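Asker: A structural model of the following input is requested.
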Amino acid sequence: MNTPTVPFPEKRRLQAHFAFSGMPFRKNVPAHKMFDSRAQRDLVHALALWADLRGLALVTGPTGVGKSISLRKFASQLDEQRVRVLRFNQVPSTPNGLLRSLSRLLGLPMRRHVADLFDQARDHLCSASTSGPHVMIVLDDAEGLRADSLDVIRRLTTADLDNDDRFSVLVAGTDDLLQTLAQPELASLRSRFGYAIQLRPFSLEDTLNYLRFHLKESGAKPTLISDEAARAVFHASQGVPRNINQLVLQALIQAAVEGRDEIDGRFMNAQIAAHPLYSRADP
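Answerer: Sure thing, here's the model as predicted:
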C-alpha cells in the first residue's frame with residue numbers, strides 16, 4: 001500500500017517564511033526587470049552605439065559577472081525592423097560545429113564539407129544585408145572556442161567585405177577567451193574588433209543597491225538583510241552577482257531553518273565561514 005505524500009508545510013516554505021510576494025535572487029530574470037549596475041548600464045549603452053557602427057565587438061569578464069543578462073538586455077532594445085539577432089544557445093568549439101550551428105540558425109541546408117558550409121554561410125550573410133535587417137551574430141560563452149574556430153569568424157568577415165560590414169558579430173566570454181585570442185595566429189582577428197570591453201564586478205555600492213532592489217521586488221521588508229551582512233556578502237563574493245545570489249540564498253535558507261526573520265552581519269559571516277565553497281581552511 002502506497003503511503004500518501006504529505007505536503008510540505010506551508011510555514012516552512014522559504015517564500016512563506018519571509019512573506020515574499022515572489023522569490024528574490026532568481027536566475028531567470030527578464031531582461032527588462034534586471035538590476036543595472038553602473039558597469040552594466042555603461043556596457044549596454046556602449047553596445048548600442050557600436051551597433052550603429054557595426055563590425056566586430058568583444059565583451060569579456062569573470063564567470064557570473066552578468067555578461068549574458070546584459071547582452072540579453074542590449075538585444076531586447078534593438079529595433080527588430082533594423083537588426084536581426086542570431087544568438088547561439090551553445091557555441092560549438094570546432095569550426096565544423098560552429099558553421100553547422102550557424103547554418104541551422106540561418107535556415108540553410110547541412111553540407112558535408114567545412115568549405116561548403118563556410119561558403120554558403122558567408123554568401124547568405126552577404127546577400128541578406130541587401131534585402132532585410134542587418135544581421136548580428138551573438139556568440140555568448142565563447143571561451144570554449146578554439147583558435148581555428150575564432151579564425152572562421154575572421155574569415156567570414158574579411159575578403160571583399162573590408163569596406164562594408166554586411167553583418168556584425170558580438171563575441172563574449174570569460175578571461176579564458178582573452179588567452180585564446182592572445183595566440184599569434186589570431187593577431188589579424190584581434191585587430192578587427194571595433195569595440196572591446198571587460199565587464200567589471202559590482203562595487204560595494206552596487207552590491208547594497210542590488211540586494212535592496214531584489215528585496216523590494218520580492219515584497220520583503222528592507223531590514224531583512226542588514227548593511228553589515230551586505231558588506232560581508234560583498235567581500236566574500238568579490239562583487240560577482242552570481243556569487244552574491246549563491247551566498248544570500250544560502251543565508252535565507254538557513255535563516256528559515258532556524259526560524260530567523262532577519263539576517264545580520266554575525267549570522268551572514270557565520271554562513272560564509274560554514275559554506276563549503278567559500279570557507280577557507282585554517283593555515
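
Asker: drop to CA atoms for contacts and neighbour counts, all remaining ones
Answerer: Will do.

Asker: for this protein, which spans come out with low pLDDT?
Answerer: The chain contains residues with pLDDT under 70 at 1-12, 129, 159-164, 279-283.

Asker: how about the strands in it?
Answerer: Counting by DSSP state E, the chain has strands at residues 56-60, 83-87, 134-139, 167-173, 193-198.

Asker: in its sheet, what does the second one sit against?
Answerer: Strands flanking strand 83-87 in the sheet, each with its direction: strand 134-139 (parallel) (DSSP bridges).

Asker: how about the partner strand as PDB, C-alpha atoms only?
Answerer: The C-alpha trace of strand 134-139 is given here as PDB (Å, rounded to 0.1, in the frame of the first residue of the first chain):
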ATOM      1  CA  HIS A 134      21.200  43.900 -40.600                       C
ATOM      2  CA  VAL A 135      22.300  40.500 -39.200                       C
ATOM      3  CA  MET A 136      24.000  40.500 -35.800                       C
ATOM      4  CA  ILE A 137      25.500  37.200 -34.600                       C
ATOM      5  CA  VAL A 138      25.900  36.900 -30.900                       C
ATOM      6  CA  LEU A 139      28.400  34.300 -29.600                       C
END
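
Asker: and residue 18, how many neighbours?
Answerer: 23 (other C-alpha atoms under 10 Å).

Asker: what do you get for residue 123?
Answerer: Using other C-alpha under 10 Å, residue 123 has 11 other residues around it.

Asker: same check, this time on residue 226
Answerer: The number of residues packed near residue 226 is 18, by other C-alpha under 10 Å.

Asker: from residue 267, how far off is it?
Answerer: Applying C-alpha to C-alpha, to the nearest Å, the value for residue 226 to residue 267 is 10 Å.

Asker: need the residue closest to the centroid of the chain.
Answerer: By C-alpha atoms, centre = their mean, the chain has its centre lying nearest to residue 68, at 1.8 Å.

Asker: ok, longest helix in the chain?
Answerer: For the chain, the longest helix by residue count, based on DSSP state H, is helix 241-258.

Asker: elements contacting that helix?
Answerer: Secondary-structure packing of helix 241-258 (3 or more C-alpha pairs under 8 Å, 6 or more residues apart in numbering; DSSP states H and E): helix 14-17, helix 227-237, helix 265-274.

Asker: gap between the first one and the chain center?
Answerer: For helix 14-17, the distance from its own C-alpha centre to the chain's C-alpha centre is 28 Å (C-alpha atoms, centre = their mean, to the nearest Å).

Asker: again, but for stretch 143-155
Answerer: Its chain's C-alpha centre and that of stretch 143-155 lie 20 Å apart, by C-alpha atoms, centre = their mean.

Asker: please apply the same query to stretch 98-106.
Answerer: Computed by C-alpha atoms, centre = their mean, the chain-centroid distance of stretch 98-106 equals 21 Å.
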